[in-house]
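*Asks:* Sequence and predicted structure are below.
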Amino acid sequence: MSALDDDNAFDFNVTAAWLHEQKSGFIKHEDASQNGGLVKDMIFGQTRDVLSLRMDFGILWDVGIHIEAPLVLADNRHLDFDQSSDSGCVYPGNAQKAPATCVNAENSGLVGYGIVPSTVDPATGKISSWGVNQNGSQFTLPSSRAFQGPTRSGFESLNLGITWAPFNQRRDDTRPTWTLGFESKLDVFHDMRYDPSNPGGNTAVGPGYHQFIWSTYVSKRFRYFDPYFGAWYNLPVRTNNSLYNAIPDGNQTAINPQQRAGIVAGFEQIAWENPRADQRVTVEFRARAEQHFSGRGASEMWEALSGSSKCMDPASADCRPGIDYNIGDTKAFPYPGVTEIQQYGSFGGDLGLNVQVGKFARFRGLFGLLIDEPHYITYSGTGIDRNGDGRVDSDDPAEANVLYRDALDAPGRRFKVEGTQIWSLYLEGSIMF
């Protein structure tokens, strides 16, 4: 974007984009009876549709600003028992007394640890219903679902940014195009929360933190080939009264949301071009890599882990032993849902088509896949060593992490996600003035 040029005093673009994402992953938990080895538990699934409306303005020579409002049309998340062996599934308690290869309510950590409620049939001594659906009731056979979150929608953030091009190949074809950018994604709408006592009470999509993003990109066209490379860094800053706020004297080993950084490398191959009419068709390929640093985050289990607002003390039936409080604690409070997450990387790529139909209209489509490395999603430390003796005393309130849970964070009980895949389809149209 630019302004104050002799032949074009002011650039102005309007862009509408639609993003569809499908995310899946296998959640496993450590089993002390298996020497701490990982065993099957849940399959996570999420579908997300986002409509983004954006305006770009040229304000100075090769300097542009933009404003964007991503509107989440629908965000659905669920957890199913891992029955990925299909017809070869063997469940616990089978007549042959064979080792279980699939998960149901009888051997699920999500149910067994008391993260979601369950009801035992007194006649059979087996679990007859379990979990929580979007209406607050439990699941029964033949369902394999263990948790269903509410359908979320609404504005996610208000994005404001500025981009400057110190070099521009269109002005000087001996140099590449180099851009420097800064964007703030402001969390000015309602934050997403989950309360099992009122499952549909909050359907917001705000993350609970602002995001400040610095980026730089370089590209250089060589006749019909246009490669580019970029890097970015995302610094989240938690908002007031969000789920990420520090608990006074909590000795938390992590407070802030996960920071992220990434690189992008790709190219556009010009398939057809008519320069006089400002028309072209290009095929685009790009590879992506991201680093998610250790910190707190809304993991695949964050809604299921969230505690009830009615949980006031350990004697309350609305408090989950080992989740909303550790066994032996004299105080309880609703577990926030967000957890400490181990650092991990993500790798993927996109294949797309770009069509500029003239001077004033451009369209873009990308189809992509992003894969997350395996990582623990319940990873809290026991606390902070205050007296310098080289260990954390879990019985000392001055050292113990108030959010550490033996049932979730102790080695031999932790949850880990593997095989995460995020498929995406992105469609964009721009009108340029």
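*Replies:* Received it, and whenever you're ready, just let me know what you need. Numbering: from 1, shown residues only.

*Asks:* how deep is the nearest residue to I384 once chain neighbours are set aside tucked in, by neighbour count?
*Replies:* Excluding its sequence neighbours, the residue lying closest to I384 (C-beta to C-beta, 6 or more residues apart in numbering) is N251, at 4.6 Å. All C-beta atoms are positioned from the backbone trio N, CA, C, and that covers glycine. By other C-beta atoms under 10 Å, 21 other residues sit near N251.

*Asks:* Now for N251: which residues touch it?
*Replies:* Residues counted as contacts of N251 (C-beta atoms under 8 Å, 6 or more residues apart in numbering) are G383, I384, R386, A398, E399, A400, N401, V402.

*Asks:* TSV for these, including pLDDT and neighbour count?
*Replies:* TSV is the format used below for these (pLDDT from 0 to 100; neighbours: other C-beta atoms under 10 Å):
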residue	pLDDT	neighbour count
G383	95	23
I384	95	14
R386	93	12
A398	92	11
E399	94	18
A400	93	19
N401	95	21
V402	93	18
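
*Asks:* For the residues you listed, which two are the farthest from each other?
*Replies:* Greatest spatial distance among the contacts of N251 (C-beta to C-beta): R386 and V402, at 13.9 Å.

*Asks:* F363 versus P227, what's the distance?
*Replies:* Applying C-beta to C-beta, to the nearest Å, the value for P227 to F363 is 22 Å.

*Asks:* Please flag which of the contacts of N251 sit within strands.
*Replies:* With DSSP state E as the criterion, strands contain none of the contacts of N251.

*Asks:* can I get these in JSON lines with distance to A17?
*Replies:* Listed next are the contacts of N251 as JSON lines, based on distance: C-beta to C-beta, whole Å:
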{"residue": "G383", "distance to A17": "45"}
{"residue": "I384", "distance to A17": "44"}
{"residue": "R386", "distance to A17": "50"}
{"residue": "A398", "distance to A17": "51"}
{"residue": "E399", "distance to A17": "49"}
{"residue": "A400", "distance to A17": "47"}
{"residue": "N401", "distance to A17": "41"}
{"residue": "V402", "distance to A17": "42"}
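
*Asks:* Pick the one among those residues closest to G208.
*Replies:* V402 (18.7 Å).

*Asks:* Identify the residue nearest that closest one in space, chain neighbours excluded?
*Replies:* Nearest to V402 is G250, by C-beta to C-beta, 6+ apart, at 4.1 Å.

*Asks:* And for V72?
*Replies:* V205 (4.5 Å).

*Asks:* Next: L51.
*Replies:* L71 (4.8 Å).

*Asks:* Next: I162.
*Replies:* I162 sits nearest to I65 (C-beta to C-beta, 6+ apart), 4.9 Å away.

*Asks:* Looks like the one you found contacts F57 (just checking).
*Replies:* Yes. If you go by C-beta atoms under 8 Å, I65 and F57 touch, sitting 5.4 Å apart.

*Asks:* Let me see the ranges of the helices in the stretch 251-400 of the chain.
*Replies:* 302-305 (DSSP state H, counting those that start in this stretch).

*Asks:* residue ranges of the strands in it, please?
*Replies:* Along the stretch 251-400 of the chain, the stretches classed as strands by DSSP state E, counting those that start in this stretch are 260-274, 279-292, 295-297, 339-341, 344-358, 361-372, 375-376.

*Asks:* Highest mean neighbour count out of these?
*Replies:* Highest mean neighbour count among the strands of the stretch 251-400 of the chain (mean count of other C-beta atoms under 10 Å): strand 339-341, with a mean of 25.

*Asks:* Outside of that strand itself, list whatever touches it.
*Replies:* 253-254, 258, 292, 294-297, 299, 301-302, 305, 375-381, 403, 408-409.

*Asks:* switch to 6 Å and redo it
*Replies:* Outside of strand 339-341, the residues within contact range by C-beta atoms under 6 Å, 6 or more residues apart in numbering are A254, R296, G297, S299, I377, T378, Y379, S380.

*Asks:* so what's the second one bridging to?
*Replies:* Translated: R296. Beta-bridge pairing for R296 (DSSP bridges): P257, E340.
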